[in-house]
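1. with the input below, show me the fold.
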Amino acid sequence: MIIFDWDGTLCDSVEHIVDAMQAAAAEFRVAIPAASSVRDIVGLGLPQAVARLFPGLGESGREALAAAYSHHYRTLDREPPRLFGGAMETLHALRERGFPLAIATGKSRRGLDRVLEGLGMSDFFDFTRCADETRSKPHPLMLEQIMAQSGLPAESAVMVGDSEYDLAMARAGGVHPVGVSYGVHSRERLSVHRPLAILDRLPELLDLEVLSRLQ
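-> The predicted model follows:
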């Protein structure tokens with residue numbers, strides 16, 4: 001099985017996340033986080049991301065700011081989302097080779113369903129798991145639930161992601177980690193988690209030796 005992160009790995013949506021979080025902060029008249037700070041939390045569940053960015057807010061304030069973020073993100077996301085170059089072709093090639101496909105994302109279920117519907121991909125992935133249904137990355141529960149649902153062993157899966165949270169989750173869950181260099185975290189940060197590879201373009205995934213071993 002090949003499991004993908006969504007934002008920053010398959011979908012070119014990180015700038016929307018940055019803009020929406022900064023707009024929510026401006027609305028609540030709290031310090032607007034730098035773009036680099038927002039990019040750093042992409043991949044976490046929304047409550048965990050807001051807590052990290054705005055540690056001075058109480059629980060009710062964090063909940064209200066998270067709701068404002070979601071509103072601003074939906075406003076920015078009215079146009080169909082854009083996948084990274086080569087992503088769709090890679091997904092179809094993996095499907096043709098017989099790999100089950102899954103998503104493990106920090107998005108909410110409602111958010112993921114909305115974006116997949118906008119792309120005409122509502123039924124494309126075999127398994128999906130979202131942060132509001134389970135533990136946030138880097139805890140491995142998200143992957144453990146996907147593997148339990150599929151009936152496949154963890155060592156038969158690859159997790160592809162752009163953040164250290166993705167790769168730490170993969171390592172903790174016994175899944176093969178693969179990084180991509182074009183997302184939110186640097187090669188240096190990804191390398192700490194000993195990925196099998198760090199890809200500059202998603203189609204490079206198709207040439208990895210591990211896929212031949214798993215087929």
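2. got phi/psi on the residue located most distally from the centre of the chain?
-> Within the chain, residue 29 marks the point farthest from the mean C-alpha position, 28.3 Å out by CA atoms, centre = their mean. Note on residue 29: its backbone torsions stand at phi 60, psi 40 [degrees, to the nearest 10].
3. same question, residue 193
-> phi -100, psi 10.
4. same thing with the one 5 residues further on?
-> Torsion angles at residue 198 (phi, psi; degrees, to the nearest 10) stand at phi -120, psi 120.
5. surely it touches residue 192?
-> No. Using CB atoms under 8 Å, residue 198 is not in contact with residue 192; the gap is 11.4 Å. The way it works is simple: take the backbone N, C-alpha and C, and place the C-beta from them, glycine included.
6. low pLDDT regions in the protein?
-> 80 (pLDDT under 70).
7. now the helices for it?
-> 14-27, 35-41, 46-53, 59-76, 87-96, 109-118, 141-150, 164-173, 187-191, 209-214 (DSSP state H).
8. count of residues packed around residue 45?
-> Neighbourhood size, residue 45 [other CB atoms under 10 Å]: 25.
9. looking at residue 198 and residue 192, which has the bigger crowd around it?
-> The neighbour count for residue 198 versus residue 192, taken as other CB under 10 Å, is higher for residue 198 (17 against 11).
10. against residue 85, how distant is the more buried one?
-> For residue 198, the distance to residue 85 equals 17 Å [CB to CB, to the nearest Å].
11. quick one: contacts for residue 125?
-> When contacts are counted by CB atoms under 8 Å, 6 or more residues apart in numbering, residue 125 touches 101-103, 116.
12. between those residues, which is nearest residue 131?
-> Among the contacts of residue 125, residue 103 lies closest to residue 131 (CB to CB), at 11.4 Å.
13. in the sheet, who's paired with that closest one?
-> Per DSSP bridges, the residues bridged to residue 103 are residue 4, residue 128.
14. that one contacts residue 3, doesn't it?
-> Yes. In this structure, residue 103 is within contact of residue 3 by CB under 8 Å, at 7.1 Å.
15. settle it for me: which of those two has more neighbours?
-> Taking neighbours as other CB under 10 Å, residue 103 and residue 3 compare with residue 3 leading, 32 against 24.
16. domain parsing for the protein?
-> Following automatic domain parsing, one finds the domains of the chain at 2-12+82-214, 14-76.
17. for the helices of the chain, which one ends up most surrounded?
-> helix 164-173 (a mean of 25; mean count of other CB atoms under 10 Å).
18. how about residue 94: what's its closest non-neighbour residue?
-> Nearest in space to residue 94, with sequence neighbours left out and distances taken as CB to CB, 6 or more residues apart in numbering, is residue 2 at 5.5 Å.
19. Provide a list of residues in contact with the one you found.
-> With CB under 8 Å, 6+ apart, residue 2 has these contacts: 94, 99-102, 157-158, 160, 205, 211.
20. what about stretch 9-24, distance to the chain center?
-> Chain-centre distance of stretch 9-24: 12 Å, with CA atoms, centre = their mean, to the nearest Å.
21. same check, this time on stretch 180-193
-> Worked out by CA atoms, centre = their mean, stretch 180-193 lies 13 Å from the chain centre.
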